[in-house]
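Colleague: Just need the structure, nothing else, for what follows:
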Amino acid sequence: MLMQQVHVPGNMLPTNKVSLVIDGSGSKVFAGILDAENRWLVKLERDGSPLEELFSVIEAVLTESGLSLTEIGSYIYCMGPGSVLGLRLCAMAIETWARLYPKSAQYYKYNSLQLSAHALLYATPDLKDALIVSDWKKGAWNALYIKGGHVGATEVIDNGALNDWENLIYHLPQRKGWQSPPNKVQTLRYDPSILGAIRDASGLLQITDRIELYSSGINTFQKWTQTRHRAQT
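Modeller: Numbers count the residues shown, from 1 in each chain. Alright, predicted model coming up:
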């Protein structure tokens with residue numbers, strides 16, 4: 001069955017139950033609960049590895065809100081790009097809970113670079129052109145262009161394209177990076193809690209019938225040779 005990818009305005013989110021928001025893409029673990037009017041009932045951000053902190057953060061927000069997983073009407077999660085371990089742990093947790101608790105719970109996904117772009121436009125409405133990058137691998141970056149105040153799709157660019165961009169560049173740090181951030185950039189603080197304020201941003205939230213994580217769509221392969229690899233001289 002093909003996965004649905006449909007933009008959902010904030011006022012079309014489930015109105016009868018709360019939403020559990022989970023984000024393990026960044027350097028911190030975030031979880032929170034939005035009420036039927038998309039206001040935060042509780043939110044929590046904690047340093048540490050998702051492997052160690054994710055489930056304790058979820059337990060903490062549920063305890064503080066006085067709710068249980070049986071009352072969750074939808075799961076809103078970050079699909080990436082970001083920490084591979086964090087993203088996979090969040091996906092595993094949501095898929096498990098959705099099977100154990102209300103099977104009618106819906107999934108909504110968002111992209112970390114798009115969230116950051118819409119947060120920038122929310123904070124600086126006059127911003128027209130900018131480039132947001134996060135580390136992908138050595139010599140390559142996950143990137144998103146803001147052009148004319150419009151948020152583009154996430155793509156992969158190389159150092160050449162990065163150097164050719166003459167406008168503002170923002171860097172979104174990752175938990176682990178393969179390379180130093182580019183020169184003359186502004187560092188962004190990743191803040192999933194902004195979701196409550198920008199939920200109506202065009203294309204930000206998408207409903208999906210299954211959990212899917214971000215993929216660059218680019219595969220790279222090392223050419224095999226039958227001679228033994230030797231250190232360069």
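Colleague: Need the pLDDT of the spatially most central residue of the chain.
Modeller: Centroid-nearest residue in the chain, with CA atoms, centre = their mean: Ser112, separated by 3.0 Å. What the model reports for Ser112 is a pLDDT of 97.
Colleague: try the one 4 residues further on
Modeller: The per-residue pLDDT reported for Ser116 equals 97.
Colleague: Would you mark the buried spots in the host helix or strand of it?
Modeller: Using DSSP states H and E, Ser116 sits within helix 112-123. Within helix 112-123, the residues that count as buried by 16 or more other CB atoms under 10 Å are Ser112, Leu113, Gln114, Leu115, Ser116, Ala117, His118, Ala119, Leu120, Leu121. From N, CA and C alone the C-beta is placed, and that goes for glycine too.
Colleague: between the following helix or strand past that helix and helix 112-123, how big is the angle?
Modeller: Next helix or strand after helix 112-123 toward the C-terminus (DSSP H and E): strand 130-137. Compare the direction of strand 130-137 with that of helix 112-123 by axes from the mean of the first three to the mean of the last three CA atoms, to 10 degrees and you get 160 degrees.
Colleague: mean confidence score for strand 130-137?
Modeller: pLDDT averaged over strand 130-137 gives 94.
Colleague: which helices and strands sit right next to the next helix or strand after it?
Modeller: Downstream of strand 130-137, the next assigned helix or strand under DSSP H and E is strand 140-147. Helices and strands touching strand 140-147, by 3 or more CB pairs under 8 Å, 6 or more residues apart in numbering; DSSP states H and E, are helix 112-123, strand 130-137, strand 155-158, helix 159-164.
Colleague: Of all the ones you listed, which one is nearest Arg210?
Modeller: helix 112-123 (19.3 Å; CB to CB).
Colleague: How far away from the center of its chain is that closest one?
Modeller: 11 Å (CA atoms, centre = their mean, to the nearest Å).
Colleague: coming back round to it: tell me the angle of the helix holding Ser116 relative to strand 140-147?
Modeller: 30 degrees.
Colleague: Which strands or helices does helix 112-123 pack on?
Modeller: The helices and strands touching helix 112-123, judged by 3+ CB pairs under 8 Å, 6+ apart, are strand 72-80, strand 130-137, strand 140-147, strand 150-151, helix 195-198.
Colleague: quick one on the thing from earlier: in a markdown table: the buried residues of helix 112-123, plus distance to Leu87.
Modeller: A markdown table is the format used below for the buried residues of helix 112-123 (distance: CB to CB, whole Å):
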| residue | distance to Leu87 |
| --- | --- |
| Ser112 | 9 |
| Leu113 | 13 |
| Gln114 | 15 |
| Leu115 | 14 |
| Ser116 | 16 |
| Ala117 | 19 |
| His118 | 20 |
| Ala119 | 19 |
| Leu120 | 22 |
| Leu121 | 24 |
